[in-house]
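Colleague: Quick one, what's the 3D model for this:
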Amino acid sequence: MLLSYPFNTFAQEDAWVYLKDKPNVAVSIANPISILTQKAIDRKNSHNILIDEKDVPVNENYISQLKGVTGISVMAKSKWFNAVHVRGSKTDIDNLSTTFSFIDYIDFANKNLNTLKSIQQKNNSKLESASTTFIYGNAANQIEMFNGNELHLAGYTGSGMTVAIIDAGFPNVNNMSSFQRLRDAGNILDDYNFVNRDSDVYTNATSTHGTLVLSTMAGYIEDEYVGTAPDASYYLFVTEDALSENPVEESYWVEAAERADSLGVDVINTSLGYTTYDNPNYSYTTANMDGNTAFITKGANIAFEKGMLLVNSAGNSGNDSWGIVGAPADAAGVFSIGAVQANGTYASFSSKGNGTQPVQKPDVSAQGQASYVITENDVIGTANGTSFSSPIMAGGIVCLWQALPSKTNTEIMQLVRESASQYSSPDYNLGYGIPNLQTALNLALSVTNGNDDKNQDLKLFPNPTKGLIRFNIPLNQSELSVTIFNVLGKEILETTVTNTNNQIDITSFSNGLHIARIQSKNISKTIKFIKY
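Modeller: Residues are numbered from 1 along each chain as shown. Down below sits the predicted model:
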């Protein structure tokens, strides 16, 4: 008698191989120009971002040894996680641990295969089809909705800011007339296709999605169309393979974010999301969208800690069974953007927040239904999706940060939230609502002008944080008293920080909003922060 039995049609498995160490860590950190560009170093210094072991590259000798193993393909690497994404049979991958002493542990994308160690870690938010005075033409409504045009009038058009677009392909951007202004200014700084491992993001692409996304930020057709950050500089990175859904795309994304950090990028826009995969064993559940499980989400939180501001589409699952924000938009360190119609009302396809996320999701919303884009054929058209509300909003944020260069990523995000239409009563559809970036700028300038200078240098970072908070202490202070309260106002910690011991471990705190009251003889300041 023949016995029927289940079998796995996916003979090749994907896994992350985590490594035990890195070479020359202390030497690299002491000489950061050996591992980062000067622009990256300057950005980190200006925002009090530590250069640490995560900035040190993966040991290339380890990678070479893994590449030499029969049956193993090395797909991607991550310096932040000190990990390598591999593909091969379960047996071949398992054997790596016994072959190489430099391997710490292995985490299969199919969590059912992690028999030796339990590790807590697309219906992809599917790609959608498709002083300066500007005449915005068709693009007017989508920028005027959040008063980004007022920033342009004040001369804040993105100049001096660096943006990475991480997407699925940018066909014809290198020859379209609507990007001629961008090219003539030398504002396409570089590009790379992490999927194909080459520098061709224009002709060998599996999707036109990136071209449409870029157009909402950088496209320009005189008197007909202007993007929201037309004078910013851009890196174009491909990490999404539109022909299949596999978690290696998360690893490609982390690689791209790491490269963006090393290049000194200020803002990343990602109009991608990951939830379920072709191999159902790799798929996430809605419960996994908790801000700290998906590999890409954890990578996004590190990118945030490195000082970059990450803007991500919330997703397009509002009308289907998934429903909620996907990864990496679920990360506390990601500014997730929902979609509204041209009249400012909720677009029904826009993914919603829920109690699974550690913070309010989406953060804010922008026009994502009937958004005006420029297609790969150099023609103005419309497209639906949070894939477009995200870069439209990202461009506005780039211009706001240009106007407020001393602000951190956390401070810019909070200013945008506070300027939004329903900040006092956020919901799971629009988040804090539709921002008013002119109000955000005015709010920042009024706070800066109204505060004593001695308070301006006092900062708490990173925020949100997973376990440690640090304080940038003004030069004229040697010691500060810190009292931390939970959201109900109950005191949960009282301690002291100094110039030599300026951090507090809050790993044991519950997740959510907390308040730090910081005092000395001549300073008193209250700062809200989020533990996730």
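
Colleague: What is the subsequent helix or strand relative to the lengthiest helix in the chain?
Modeller: Taking DSSP state H as the criterion, the chain has its longest helix at helix 386-403. Using DSSP states H and E, the next helix or strand after helix 386-403 towards the C-terminus is helix 409-418.

Colleague: Report the rounded mean pLDDT for the longest helix of the chain.
Modeller: Mean pLDDT, computed over helix 386-403, is 97.

Colleague: and if you look at stretch 79-92?
Modeller: 96.

Colleague: First-to-last residue distance for that stretch?
Modeller: One end of stretch 79-92 to the other measures 23 Å (CA to CA, to the nearest Å).

Colleague: Give the buried residues for it.
Modeller: If you call a residue buried by 16 or more other CB atoms under 10 Å, then stretch 79-92 has these buried ones: 79-88, 90, 92. For the C-beta atoms, the positions are set from N, CA and C on the backbone; glycine is no exception.

Colleague: Show me which of the residues you listed is closest to residue 265.
Modeller: Checking the buried residues of stretch 79-92 against residue 265 with CB to CB, the nearest one is residue 80 at 14.5 Å.

Colleague: can you confirm the closest one is in a strand?
Modeller: No. With DSSP: H, G, I helix; E, B strand; the rest coil as the criterion, residue 80 is assigned coil and is not in a strand.

Colleague: Helices of the stretch 51-200 of the chain, residue ranges please.
Modeller: For the stretch 51-200 of the chain, applying DSSP state H, counting those that start in this stretch gives helices covering 60-67, 90-99, 140-144, 148-153, 180-184.

Colleague: Of those, which is nearest residue 257?
Modeller: helix 60-67 (18.7 Å).

Colleague: Now do the buried residues in the closest one.
Modeller: Buried residues in helix 60-67 (16+ other CB under 10 Å): 62-63, 66.

Colleague: Tell me the one of those residues nearest residue 196?
Modeller: Proximity of the buried residues of helix 60-67 to residue 196 (CB to CB) peaks at residue 63, which lies at 18.6 Å.

Colleague: which residues sit in contact with the closest one?
Modeller: Under the criterion of CB atoms under 8 Å, 6 or more residues apart in numbering, the neighbours of residue 63 are 74, 77, 84.

Colleague: Now render the residues you listed as JSON lines, adding distance to residue 273.
Modeller: Formatted as JSON lines, the contacts of residue 63 follow (distance: CB to CB, whole Å):
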{"residue": "74", "distance to residue 273": "26"}
{"residue": "77", "distance to residue 273": "23"}
{"residue": "84", "distance to residue 273": "24"}
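
Colleague: which of these lies closest to residue 314?
Modeller: Closest approach to residue 314 among the contacts of residue 63 (CB to CB): residue 77, at 28.9 Å.

Colleague: So what sits opposite the closest one in the bridge?
Modeller: With DSSP bridges applied, residue 77 shows beta-bridge pairing to residue 84.

Colleague: right, and the helix or strand after the lowest-mean-pLDDT helix or strand in the chain?
Modeller: Each helix and strand of the chain was given a mean pLDDT (mean pLDDT, DSSP states H and E); the minimum falls on helix 453-456 at a mean of 52. Heading C-terminal from helix 453-456, the first helix or strand you meet, by DSSP H and E, is strand 459-461.

Colleague: one step back: okay, the angle between the longest helix of the chain and helix 409-418?
Modeller: If you take axes from the mean of the first three to the mean of the last three CA atoms, to 10 degrees, helix 386-403 sits at 110 degrees to helix 409-418.

Colleague: Pretty sure residue 458 sits against residue 525.
Modeller: Yes. Assessed by CB atoms under 8 Å, residue 458 is found in contact with residue 525 at 5.6 Å.

Colleague: Spit out the residues that contact the two alike.
Modeller: Counting by CB under 8 Å, 6+ apart, the residues touching both residue 458 and residue 525 are residue 518.

Colleague: just the helices in the stretch 251-400 of the chain please.
Modeller: Taking DSSP H, counting those that start in this stretch as the test, the helices found in the stretch 251-400 of the chain are 295-305, 386-403.

Colleague: looking at those helices, which is closest to residue 270?
Modeller: For residue 270, the closest of the helices of the stretch 251-400 of the chain is helix 386-403, at 7.4 Å, according to CB to CB.

Colleague: just how off-centre is the closest one within its chain?
Modeller: Centroid separation for helix 386-403 versus its chain: 13 Å, with CA atoms, centre = their mean, to the nearest Å.

Colleague: Next: stretch 213-228.
Modeller: 23 Å.

Colleague: for it, which positions count as buried?
Modeller: 213-221, 224-228.

Colleague: Next, format these as TSV and append distance to residue 320, pLDDT and secondary structure.
Modeller: TSV is the format used below for the buried residues of stretch 213-228 (distance: CB to CB, whole Å; pLDDT from 0 to 100; DSSP: H, G, I helix; E, B strand; the rest coil):
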residue	distance to residue 320	pLDDT	secondary structure
213	22	98	helix
214	27	98	helix
215	27	98	helix
216	24	98	helix
217	28	98	helix
218	31	98	helix
219	30	98	coil
220	35	98	strand
221	35	97	strand
224	35	97	coil
225	32	98	strand
226	34	98	strand
227	30	98	coil
228	29	98	coil
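
Colleague: re the thing from before, which of the helices of the stretch 251-400 of the chain sits most buried?
Modeller: Comparing the helices of the stretch 251-400 of the chain by mean neighbour count (mean count of other CB atoms under 10 Å), helix 386-403 ranks first with a mean of 30.

Colleague: can I get the CA coordinates of it in CSV?
Modeller: This file holds the C-alpha atoms of helix 386-403, laid out as CSV (Å, rounded to 0.1, in the frame of the first residue of the first chain):
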residue,chain,number,x,y,z
THR,A,386,1.0,53.7,0.6
SER,A,387,4.0,53.1,-1.7
PHE,A,388,3.4,56.7,-2.8
SER,A,389,2.1,58.4,0.3
SER,A,390,5.4,57.3,2.0
PRO,A,391,7.8,59.1,-0.4
ILE,A,392,5.5,62.1,-0.8
MET,A,393,5.7,62.5,3.0
ALA,A,394,9.4,61.6,3.1
GLY,A,395,10.2,64.4,0.8
GLY,A,396,8.5,66.9,3.0
ILE,A,397,10.3,65.6,6.0
VAL,A,398,13.6,65.9,4.2
CYS,A,399,12.9,69.6,3.6
LEU,A,400,11.9,70.1,7.3
TRP,A,401,15.1,68.5,8.5
GLN,A,402,17.0,70.8,6.1
ALA,A,403,15.4,73.7,7.9
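
Colleague: so which of the buried residues of helix 60-67 comes closest to residue 149?
Modeller: Of those, the one sitting nearest to residue 149 (CB to CB) turns out to be residue 63, at 47.7 Å.

Colleague: Which pLDDT value goes with that closest one?
Modeller: Residue 63 is given a pLDDT of 97.

Colleague: Can you tell me how far it is from residue 259?
Modeller: 16 Å (CB to CB, to the nearest Å).

Colleague: Pull up the gap between the closest residue to residue 193 other than its chain neighbours and residue 82, please.
Modeller: Nearest residue to residue 193, sequence neighbours excluded (CB to CB, 6 or more residues apart in numbering): residue 238, at 4.2 Å. For residue 238, the distance to residue 82 (CB to CB) stands at 24 Å.
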